[in-house]
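Visitor: Okay, here's the prediction I keep looking at, along with the sequence it came from:
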Amino acid sequence: MITLAVDCMGGDHGPSVTLPACRHFLDNTPGVSLLLVGLPASLAGFVHPRAQIVAASEVVGMDDSIEIALRKKKDSSMRVAISQVKLGAAQAAVSAGNTGALMAIARYLLKTLDGIDRPAIAGQIPNAKGGATTVLDLGANVDCTAEHLLQFAVMGSALVSVLSDNENPTVGLLNIGEEAIKGNETIKLSGELLRAAARAGDLNFYGNVEGNDIFVGTTDIIVCDGFVGNVALKTSEGLANMIVNFLRAEFSRNIFTKFTALLATPVLSALKKRMDHRRYNGAALLGLRGLVFKSHGSADAFAFEQALHRAYDAARNNLLDRVQARIAHAAPLLAASAASALDTTATTSA
């Protein structure tokens, strides 16, 4: 039995979304139990044989600063949910709350894995192949070194190998061109490290990719810094909504377009489903000594349930062990790149 700890108070909608999602998830997933964390009054009335209420007295707001979330609200539903993972009561935690606060609390309570400097947020963006491209980082780290991008690639490979049964997923480095000479110095050095990792058998490096490759599905994984990754994520969501709304408006203009829409209903339904980013909701916070998944703050019940499924799949497929094994295999290269980075910093300072 896999147990997930759910921050039921997080996100834009709180229990009005998380509780229906949890109930549907429990009803359709027999091998799981849930610890529902939140204000007792808000969770009152939820009864299920595989659910238990865990009380918390505070809630981290979407606009709360990291300092408030981490130091002032020590009994928040977010913190209590992550604590269940630290205590071993749950194999993973899920929250739709404040991203910065979630990362800060998770890192403080769970700590990072050996060989990992910074945790990364890894999520999926729908692509033209009918699947999704895993992209990291999606916003946890705005400024990244080449060593960080190498770590992201190693962790992303472990994630995709678990969730897709693909033991050798391809990794692309997001750049302004495919050529190795393109990009800034950080990207060039990242390419060198990733090629070295490929030669050592630590990952399957495809090479440089461009922004359109995210949506084409050129590689299984794309690594980039959090600033670029977050922009790509929000752009994909906005583009999907724009296309769906445009088609809806065009096909409702007059009787002829409505008739055309009726004939094209199966195709339009398939397109809408493929572009529906809610199906891929649930980003993993990789690099921690425990599993934490971030749902989109504005997620509806369907989307939040997908985040629960991703956390469940990760836990039952031992994602944490797989990430640790990948890191251990790549340890010599990670250590060498970290030492090189320190030498470069020392030389620059001197």
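Guide: Everything's here; your move. Residues are numbered from 1 along each chain as shown.

Visitor: For this protein, give me the ranges with low pLDDT.
Guide: For the chain, applying pLDDT under 70 flags the ranges 239-241, 243-251, 254, 256-276, 337-350.

Visitor: Run through the strands of it in chain order.
Guide: For the chain, the strands defined by DSSP state E occupy 2-7, 32-38, 51-55, 92-95, 120-126, 132-136, 170-174, 204-209, 221-223, 283-286, 291-294.

Visitor: With distance to residue 197 and mean neighbour count as added columns, please give these in JSON lines.
Guide: Where C-beta positions appear, they are placed from N, C-alpha and C, glycine not excepted. Shown next, in JSON lines, are the strands of the chain (distance: least, Cβ to Cβ, whole Å; neighbours: other Cβ atoms under 10 Å):
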{"stretch": "strand 2-7", "distance to residue 197": "31", "mean neighbour count": "26"}
{"stretch": "strand 32-38", "distance to residue 197": "35", "mean neighbour count": "24"}
{"stretch": "strand 51-55", "distance to residue 197": "41", "mean neighbour count": "17"}
{"stretch": "strand 92-95", "distance to residue 197": "27", "mean neighbour count": "30"}
{"stretch": "strand 120-126", "distance to residue 197": "16", "mean neighbour count": "25"}
{"stretch": "strand 132-136", "distance to residue 197": "15", "mean neighbour count": "26"}
{"stretch": "strand 170-174", "distance to residue 197": "9", "mean neighbour count": "24"}
{"stretch": "strand 204-209", "distance to residue 197": "7", "mean neighbour count": "21"}
{"stretch": "strand 221-223", "distance to residue 197": "11", "mean neighbour count": "29"}
{"stretch": "strand 283-286", "distance to residue 197": "16", "mean neighbour count": "28"}
{"stretch": "strand 291-294", "distance to residue 197": "24", "mean neighbour count": "28"}
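
Visitor: Could you export those as a markdown table, including distance to residue 234?
Guide: Shown next, in a markdown table, are the strands of the chain (distance: least, Cβ to Cβ, whole Å):
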| stretch | distance to residue 234 |
| --- | --- |
| strand 2-7 | 22 |
| strand 32-38 | 28 |
| strand 51-55 | 33 |
| strand 92-95 | 19 |
| strand 120-126 | 10 |
| strand 132-136 | 12 |
| strand 170-174 | 15 |
| strand 204-209 | 19 |
| strand 221-223 | 16 |
| strand 283-286 | 13 |
| strand 291-294 | 14 |
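
Visitor: Good, we can wrap up now.
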